[in-house]
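> Predicted model and sequence follow; I will ask about them next.
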Amino acid sequence: MSGCVLRAKGAGLATHYVLSEGAFSGAVVYEEGFDLSLSESDNFQEQVRCAQAFLADHAEQCRALADLLLPQAPLLDFGLRRKEAYAQPFVFPIALVERAGALGFALGLSIHRASDL
């Protein structure tokens, strides 16, 4: 799956409380968490822009979510589809790493094989 997804799961997650905060509306809710699509783009830089904007616009709700999930951090999962098998660098900007870390979020990169790109 391409795109940037906020993944939050944990035994302490009060899903109804979190989703009532507005920032997380539209999330797909699971038994012990939720996934919220922040970008459906396969372009890494576009995903980064969307994630940075989301964290900036919803910093207070993001911090509250991270506090609720301690010691497990919410994950910003950057998903990319690639047909090529050679190494490709994807570097998170310092500003995103700092903001995510300050809010208690983790960053991840998922590379998915695309057979028909």
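On my side now, so go ahead.
> Give me the most central residue, the protein.
For the chain, the residue whose C-alpha lies nearest the mean C-alpha position (CA atoms, centre = their mean) is residue 76; its distance is 2.2 Å.
> Which is the succeeding secondary structure element to the lowest-mean-pLDDT helix or strand in the chain?
Of all the helices and strands that make up the chain, the one with the lowest confidence by mean pLDDT, DSSP states H and E is helix 15-19; it has a mean of 64. Tracing the chain past helix 15-19, the next element assigned as helix or strand by DSSP states H and E is strand 28-30.
> tell me the strands in this protein, going along the chain?
For the chain, applying DSSP state E gives strands covering 3-9, 28-30, 33-39, 75-82, 106-113.
> Within its sheet, name the partner strands of the second one and how each one runs.
It refers to strand 28-30. Each strand pairing with strand 28-30, determined using DSSP bridges, is listed with its direction: strand 33-39 (antiparallel).
> how much does the partner strand deviate in direction from strand 75-82?
Taking axes from the mean of the first three to the mean of the last three CA atoms, to 10 degrees, one finds that strand 33-39 is oriented at 50 degrees with respect to strand 75-82.
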